[in-house]
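K.L.:
build me a model:
(chains A, B, C and D)
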There are 2 protein chains.
Amino acid sequence: MPKIVDHDARRAELAAAMWRVVYRDGVGAATVRSIAAEAGWSPSALRHYFATQTELLVFAMEHVMAEAAGRFTAEARTGPSREVVQRMLEELLPLDRQRVREAEVWLLLAARAQVDPAARERMTEADEGVRRAAELAVSVLTGVQPADEAATARLHALLDGLTLHALLHPDRMPPHRIRDLLAAHLDELSRAGAPS
Amino acid sequence: MPKIVDHDARRAELAAAMWRVVYRDGVGAATVRSIAAEAGWSPSALRHYFATQTELLVFAMEHVMAEAAGRFTAEARTGPSREVVQRMLEELLPLDRQRVREAEVWLLLAARAQVDPAARERMTEADEGVRRAAELAVSVLTGVQPADEAATARLHALLDGLTLHALLHPDRMPPHRIRDLLAAHLDELSRAGAPS
DNA sequence: CGTCGTGGTCGACGATCTTGGGCACGGGCC
DNA sequence: GGCCCGTGCCCAAGATCGTCGACCACGACG
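P.N.:
Alright, predicted model coming up:
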């Protein structure tokens, strides 16, 4: 049998090349050609590992989502306190330049999901992670198990809305303001759960 | 001097043609060529009224935003009650097929704003309208003048987050659920403002 | 009635993603 | 050790997109 390469490793390598391009030049530069050049291959080589550009974007997005999940499960291990919950959710928000760039890719995929059916279904997994984080936060802050479904959905929407505003108006929505608004919402959740 | 046409009228006509295409075939079909064909002109003719595609999108988006504003200032004229505020904000949410399509264009512009500087600044006006609506709602529900700034920003983020989720998971976020979640948030605002 | 600027079309350019055909390399088998 | 054939990879072309430049036509003004 012929030459054998580790497909999973190659896919991870290509995703890493894409993130290098995105971090350095922005999401606008994330073209198939530039990513291939960054990785040192021809554009056609990408097709052996990602049939379409959307697949590459989704794969790369899932990768950073998994990293974020790792960050906040590490946080959660220290115990489900109020501060831990806040830091956990902050891991999902674009509070530094790198995560702003990641959020740009997320937004690009959201827009593409309106057109590309493949992006639509695979995006679902991505923000299921955010939903679960919101669920955990609500459950911890209100002390109710299972977490209130409506409160979870509202927190989830708030997180994505804050992300969107951070991208659209970075001047009006600097990191500390995002943190404050999130804290205000979490405060209300705590009050609602423990009215005493 | 040569032939004279009403530029503003022509621009409105082109925007109307674009919305016909979007309503019928989705935002993915909103290409320069298809819009020109819908309007009955050559693609180059658009350039006399919109230098770039982004300009057309922004203009068309501003048009429907103005319509929405008209709808809810009509509502507001009946008096700033709790029900009026809810209906006013519901005008801004994708609760029917037509406004889902409008929200798709909004999302497309948001993604494009990450790349196209022209889209970025002009998008600002668009969601300033949403921000003002949120401000009015907060002021009415809490009975505090001027409206609490943080509460306004949170409501604004919630509105955009709900819109996003309605687009990404229409099955998990049907219209009545959007309404319920909004109502829950408005209830909390009322309680916070009038604790007695 | 002539002029010239505006309105409009055609064609082309550059960039994009995607696809098909072909070359090379190298591991398995005799 | 030498031959196969399948995998990996590239080149070039196709399709579609937004944008631009050159050109034609019409019509209002002088």
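
K.L.:
outline the domain layout of chain A.
P.N.:
A:1-51, A:53-193 (automatic domain parsing).

K.L.:
including mean neighbour count, distance to B:L155 and mean pLDDT, could the ones you listed go into JSON lines?
P.N.:
Glycine gets a C-beta too; all of them are placed from N, C-alpha and C. Shown next, in JSON lines, are the domains of chain A (neighbours: other C-beta atoms under 10 Å in any protein chain shown; distance: least, C-beta to C-beta, whole Å; pLDDT from 0 to 100):
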{"stretch": "domain A:1-51", "mean neighbour count": "15", "distance to B:L155": "28", "mean pLDDT": "92"}
{"stretch": "domain A:53-193", "mean neighbour count": "19", "distance to B:L155": "9", "mean pLDDT": "93"}
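
K.L.:
rebuild those as JSON lines, extending it with distance to B:V32.
P.N.:
JSON lines is the format used below for the domains of chain A (distance: least, C-beta to C-beta, whole Å):
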{"stretch": "domain A:1-51", "distance to B:V32": "20"}
{"stretch": "domain A:53-193", "distance to B:V32": "16"}
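
K.L.:
and those domains as JSON lines, adding distance to chain B?
P.N.:
Below are the domains of chain A laid out as JSON lines (distance: least, C-beta to the nearest C-beta, whole Å):
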{"stretch": "domain A:1-51", "distance to chain B": "4"}
{"stretch": "domain A:53-193", "distance to chain B": "3"}
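
K.L.:
which among the ones you listed is found nearest to DNA strand D?
P.N.:
Nearest to DNA strand D, of all the domains of chain A, is domain A:1-51, at 2.8 Å by C-beta to the nearest atom of the strand.

K.L.:
just how off-centre is that closest one within its chain?
P.N.:
Remark: domain A:1-51 is offset 20 Å from the chain centroid, using C-alpha atoms, centre = their mean, to the nearest Å.

K.L.:
what does stretch A:164-180 rub up against?
P.N.:
The contact list for stretch A:164-180 (C-beta atoms under 8 Å, 6 or more residues apart in numbering or on different chains) reads A:86, A:90, A:93-96, A:100, A:103-104, A:107, A:162, B:110, B:113-114, B:120, B:123-124, B:127, B:150, B:153, B:156-157, B:160-161, B:164.

K.L.:
using PDB, write out every CA atom in that stretch.
P.N.:
The C-alpha atoms that make up stretch A:164-180 are tabulated as PDB, following Å, rounded to 0.1, in the frame of the first residue of the first chain:
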ATOM      1  CA  LEU A 164     -21.600  40.200  19.000                       C
ATOM      2  CA  HIS A 165     -21.400  43.700  20.400                       C
ATOM      3  CA  ALA A 166     -17.800  43.200  21.400                       C
ATOM      4  CA  LEU A 167     -17.100  42.500  17.700                       C
ATOM      5  CA  LEU A 168     -19.200  45.300  16.300                       C
ATOM      6  CA  HIS A 169     -18.300  48.100  18.700                       C
ATOM      7  CA  PRO A 170     -15.100  47.200  20.500                       C
ATOM      8  CA  ASP A 171     -14.800  50.800  21.600                       C
ATOM      9  CA  ARG A 172     -18.200  50.800  23.200                       C
ATOM     10  CA  MET A 173     -17.800  47.300  24.600                       C
ATOM     11  CA  PRO A 174     -14.300  47.000  26.100                       C
ATOM     12  CA  PRO A 175     -13.400  43.800  28.000                       C
ATOM     13  CA  HIS A 176     -14.100  45.300  31.500                       C
ATOM     14  CA  ARG A 177     -17.500  46.400  30.400                       C
ATOM     15  CA  ILE A 178     -18.300  42.900  29.100                       C
ATOM     16  CA  ARG A 179     -17.200  41.600  32.500                       C
ATOM     17  CA  ASP A 180     -19.400  44.100  34.400                       C
END
